[in-house]
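Asks: generate a structure from the sequence data that follows.
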Amino acid sequence: MCREEFANFGSGHYENELYPYALEMKAMLERSPEFVIDAPPTGRRVLFFTLVGLTMAGMIWLSVHALSVGGFSPGDLLLVVLFALTLPWLVIGFWNATIGLIIMRFARDPVAAVTPAAGRGSDHEPIVTSTAVLVCVRSEPPERVIRHIAPIIDGLVKHGVAEQFHIYVLSDTGDLAHAAIESRHFAEFANIWRRHIPITYRRREINTGFKAGNIRDFCDRWGDQHDFALVLDADSLMTADAVLRLVRVMQATPRLGILQSLVVGMPSTSAFARVFQFGMRLGMRSYTIGSAWWQGDCGPYWGHNALIRIAPFMMHCHLPVLGKGALIEGFVLSHDQVEAVLMRRAGYEVRVLPEEGASFEQNPPTLTEFIQRDLRWCQGNMQYWHFLVMPGLKPVSRYQLAFALLMFLGSPGWIGLLVFGSLAVAIAGSGQVFIRPVPGFTVFCLVLLMWFAPKIATVIDVLMRPALRKSFGGGVRFVASVITETIFFLMLAPIMWFAHTIFLARLLSGRSIAWGVQVRDDHRVPWSLAARQLWPHTLLGASTLGLLALTVPSAIPYALFVAGGPLLSIPLAVITASRALGPAMVRIGLGRLPEETAPPREMAALGLPAVKLAAGPRA
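Replies: Model prediction:
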C-alpha cells in the first residue's frame, strides 16, 4: 500500500445537520409511486434507427450506382466499403440535428421534451441532500483552479446553501515541488472560506487508475458521507444556479444516476480555440437535443460538469483492469461512457440536461495540443471493444460504445477514400468516365449536407431568434463567423482523420501515447514544431493533389475538400496560434459567444481577457 498525504482544511470532519432528513426524504420518495424510471422511448428509437438504416442504404446504393460505369470492379467495391465505414457518424449526426432543430423550433419547452426530469425540482425547492464537489487536478496551476472554484462557492454562499456542499480537491500531482505549492495555495483558500464551506485537499502519490481511480479513492474515503458528487475538471466552470439546478433535479428523481450538463467552451483569445468552440457551439445543442430525444434514459456522460448519485456509482460502476487479450491492457482510460453504461445496467437513468450558458470548459489553444488530446481520447475509446460484449448492457448502451469506436474508426475510411479514390481517378485518366456525374454529385452534396447538418440546424435557430442572434454579436458578425468556421472545419476535419489513421496504425503495432498534462494557456507554435508533427499530413495532401494535377486536373476541386486541410496543416497550426490573431478576432467580434456579450456573474469574476476585450474600452 502506498503512502498518501492528505489534509482536511476548513471545518474538519463534515457533519451535515440535514443529512438524516435527506435519507428520510429519499426513503419516502422510494416508497412513492413516482419512484419509477420514465418509460423508455422505444418507439422513438425504432423510428430513429429506421431512418438511419434507410438513409445509409440509400447512400450506399447511390455510391454503387455512381461507380458502376462499365461494370463494378473490386476497386469499386473497396471504395464503397470505405464509404460505408464513414456513414454511421454522418447519418446519425444528420438525423440527430434534424430532430433537434424540429424540437428547438416547435417544442414549447425543448429541454423538458427530451429530459422529463428537467420539469422536476423547482427553483424554490430546498436543498436537503449533501453534495460533494470533486475538483480533479494534476499538475495544474493552483491559482487558476482556485479562480474557477471560488465563483461557484461564492454563488452557493449567496444562495444560502453552502452548508449542503463540500469541496474536495483531488490531486494526482506527481512533482513534489509543485505539490508543495499546490498544498499551500489550497490551505490558504480553505482558510478563507472555512466559515462557509468545508474544503478538503488530498493528494495521491501514485495515481492508480488515473482520473477514474482518483474518483474511486474519494468514494472509498468519503463517499458514504454524501448523496451526490459533482465532478469537475481543473478547467471546469459552472454557475451556482446550474449546480443547484442539477442537484434539485436529481433530488426530485430518485432513479436518476447521472445527470450531465451541456458543456460549452469558455471565451478565448486563442484563434484556434475561438473558431473551434464557435463551431462546437453551433453543433452541440441541436445534436444533443436530437440524440436525447431518442436515447432518453441511456444518455451520455462526459466525465465532468456532471452530477452522479454516489451510492449506485460506488456499488455498480467499479471499472475492471483490462488484462491480456484486450487491445490496450491496464486501467480504463476513457472511463466516463463505461461508467454511464454500468449505471444504466444497474437500473438507474443517465440523462443530459441540454441547457446552454451555465456549464463551461477550456478547449486546447492550439492545433498541436488539440491533436494530442484527441489521440488520448482515441486510445481510451479503443478499449471499448472489451465492453461491447459485457452481459446485461442495454441495447442503446452497446450502441453508445460502438458509436464511440466509430468516431475514430471512420477516419481511416475517409483517408482510404482520398488515397484509393485519387489512384482510381488517376488510373482511369481524363479521357475516361470514372463516375456517373449525377449520382456522384448527389452523393457529394448529401455528404456535405450531413457533415454540416448539426451546425446548419443551430444557425437556422439563431437567425430566427433576434435576442439570440444579438448575443452572438448580431447578424453580420454571426454570418461572418459561420463562414470562417466552415472554412476552418473543412481544413481541420481531414487533418484529424489522418492523425487518427496514423495513431490507430501505431496502436495495432503496440505503440501508445502517454496520458500527459494538458497545456491550457495560449502559446505560439513554432514552425519547427508544426513541421515535425504535421509533415506526414503535408506529404499526403501534396502527393494526392500533385497526382491529380498530373492526370485529371478537373478532379482537384473535389479532392481539396479532403486533401486541402492536410496540405495546409503546418501554416494552419502556426497562424491559429498567433498571439495577435486571436485578440484581433475578439475585437472585431469574429467567433463571438453569448458569454462575451453578457457573461454570467461567475465568468465575469474570472476576468478572462476575451471577455474584457469583447467589452471594449469600458472593461
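Asks: how far away is the closest residue to Tyr384 other than its chain neighbours from Gly160?
Replies: Leaving aside its sequence neighbours, Tyr384 sits nearest to Leu401 (CB to CB, 6 or more residues apart in numbering; 4.4 Å). All C-beta atoms are positioned from the backbone trio N, CA, C, and that covers glycine. From Leu401 across to Gly160, the span is 42 Å (CB to CB, to the nearest Å).
Asks: and the gap between the residue nearest to Tyr384 and His304?
Replies: Taken as CB to CB, the span from Leu401 to His304 is 19 Å.
Asks: re the thing from before, between Leu401 and Gly160, who's got more neighbours?
Replies: Leu401 (22 against 9; other CB atoms under 10 Å).
Asks: and the more buried one, how far from Val389?
Replies: According to CB to CB, Leu401 and Val389 sit 10 Å apart.
Asks: likewise Phe228?
Replies: 32 Å.
Asks: and what of Gln362?
Replies: In terms of CB to CB, Gln362 sits 36 Å off from Val389.
Asks: got any ranges where the stretch 401-550 of the chain has weak pLDDT?
Replies: 430-431, 433, 516 (pLDDT under 70).
Asks: need the helices for it, in chain order.
Replies: Secondary structure of the stretch 401-550 of the chain (DSSP state H, counting those that start in this stretch): helices at 437-463, 466-471, 475-508, 527-551.
Asks: wait, which of those helices is closest to Arg184?
Replies: helix 527-551 (33.6 Å; CB to CB).
Asks: what's the spacing between that closest one and its chain's center?
Replies: Chain-centre distance of helix 527-551: 29 Å, with CA atoms, centre = their mean, to the nearest Å.
Asks: packing partners for it?
Replies: If you count contacts as 3 or more CB pairs under 8 Å, 6 or more residues apart in numbering; DSSP states H and E, helix 527-551 packs onto helix 367-381, helix 395-428, helix 475-508, helix 556-567, helix 569-575.
Asks: check which residues of the second one are buried.
Replies: What that stands for is helix 395-428. 396-419, 421-422, 424-426, 428 (16 or more other CB atoms under 10 Å).
Asks: same question for the shortest one.
Replies: Using 16+ other CB under 10 Å as the test for burial, helix 569-575 gives 569-570, 572-574.
Asks: adding distance to Glu205 and pLDDT as columns, could you present the residues you listed in CSV?
Replies: Putting the buried residues of helix 569-575 into CSV (distance: CB to CB, whole Å; pLDDT from 0 to 100) gives the following:
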residue, distance to Glu205, pLDDT
Ser569, 40, 98
Ile570, 41, 98
Leu572, 41, 98
Ala573, 36, 98
Val574, 39, 98
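Asks: could I get those residues as CSV with distance to Phe441?
Replies: Formatted as CSV, the buried residues of helix 569-575 follow (distance: CB to CB, whole Å):
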residue, distance to Phe441
Ser569, 28
Ile570, 32
Leu572, 28
Ala573, 33
Val574, 35
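Asks: which one among these gets closest to Arg376?
Replies: Nearest to Arg376 out of these is Ala573 (CB to CB; 18.2 Å).
Asks: next up, the contacts around that closest one.
Replies: Listed by CB atoms under 8 Å, 6 or more residues apart in numbering, the contact partners of Ala573 are 366-368, 525, 530, 533-534.
Asks: show the buried residues in those.
Replies: Judged by 16+ other CB under 10 Å, buried ones among those: 366-368, 525, 530, 533-534.
Asks: distance to Gly474 added to those, as JSON lines?
Replies: Below are these laid out as JSON lines (distance: CB to CB, whole Å):
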{"residue": "Thr366", "distance to Gly474": "29"}
{"residue": "Leu367", "distance to Gly474": "29"}
{"residue": "Thr368", "distance to Gly474": "33"}
{"residue": "Val525", "distance to Gly474": "32"}
{"residue": "Ala530", "distance to Gly474": "34"}
{"residue": "Gln533", "distance to Gly474": "38"}
{"residue": "Leu534", "distance to Gly474": "36"}
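Asks: can you show me the strands along the stretch 51-200 of the chain?
Replies: Secondary structure of the stretch 51-200 of the chain (DSSP state E, counting those that start in this stretch): strands at 131-137, 165-171, 199-203.
Asks: between these, which one is closest to Met280.
Replies: Of the strands of the stretch 51-200 of the chain, nearest to Met280 by CB to CB is strand 131-137, at 21.9 Å.
Asks: what does the closest one contact?
Replies: With contact meaning CB under 8 Å, 6+ apart, strand 131-137 is reached by 145, 149, 152, 164-173, 182, 211, 214-215, 218, 222, 225-234, 236, 243, 247, 304, 307, 310.
Asks: at 6 Å instead, please
Replies: 145, 165-171, 211, 214, 218, 226, 228-234, 247 (CB atoms under 6 Å, 6 or more residues apart in numbering).
Asks: ChimeraX command to pick out the buried ones of the residues you listed?
Replies: Remark: buried members of these, expressed as a ChimeraX selection using 16+ other CB under 10 Å:
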select :145,165,166,167,168,169,170,171,211,214,218,226,228,229,230,231,232,233,234,247
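Asks: work out for me the element Pro312 sits within.
Replies: Here Pro312, judged by DSSP states H and E, is contained in helix 310-316.
Asks: residue contacts, Thr538?
Replies: Going by CB under 6 Å, 6+ apart, Thr538 touches Ile570.
Asks: can you do 7 Å?
Replies: Taking CB atoms under 7 Å, 6 or more residues apart in numbering as the criterion, Thr538 is in contact with 566-567, 569-570.
Asks: what's the answer for Leu540, then?
Replies: Leu540 makes contacts with 498, 566, as judged by CB under 7 Å, 6+ apart.
Asks: swap in 8 Å and give it another go.
Replies: So Leu540 contacts 415, 418-419, 498, 563, 566-567 (CB under 8 Å, 6+ apart).
Asks: and if you look at Ile570?
Replies: Ile570 sits next to 527, 530-531, 534-535, 537-538 when contact means CB under 8 Å, 6+ apart.
Asks: again, only using 7 Å
Replies: Contacts of Ile570 by CB under 7 Å, 6+ apart are 530-531, 534, 538.
Asks: same question for Ser139.
Replies: By CB under 7 Å, 6+ apart, the residues touching Ser139 are 173, 175, 178, 517.
Asks: Arg105: which of those is nearest?
Replies: Comparing those against Arg105 with CB to CB places Val517 closest, at 42.9 Å.
Asks: not counting residues beside it along the chain, what's closest to that closest one?
Replies: Excluding its sequence neighbours, the residue lying closest to Val517 (CB to CB, 6+ apart) is Ser139, at 4.7 Å.
Asks: look up how far Arg520 lies from that neighbour.
Replies: As judged by CB to CB, Ser139 and Arg520 stand 11 Å apart.
Asks: tell me the one of the contacts of Ser139 nearest Thr115?
Replies: Val517 (34.7 Å).
Asks: right, and the closest one touches Arg138 too?
Replies: Yes. Counting by CB atoms under 7 Å, Val517 touches Arg138, with 6.2 Å between them.
Asks: these two: which is more packed in?
Replies: Taking neighbours as other CB under 10 Å, Val517 and Arg138 compare with Arg138 leading, 23 against 14.
Asks: could you measure from the residue nearest to the more buried one when sequence neighbours are not counted over to Val247?
Replies: In this structure, Arg138 finds its nearest non-sequential neighbour in Asp172, 4.3 Å apart by CB to CB, 6+ apart. Distance, Asp172 to Val247, using CB to CB: 26 Å.
Asks: again with Lys158
Replies: In terms of CB to CB, Lys158 sits 16 Å off from Val247.
Asks: can you pull the contacts of Ala549?
Replies: Taking CB under 7 Å, 6+ apart, one finds Ile556 in contact with Ala549.
Asks: start the count at 58, not 1, going forward
Replies: In the new count, where the first residue is 58, that last one comes out as Ala606.
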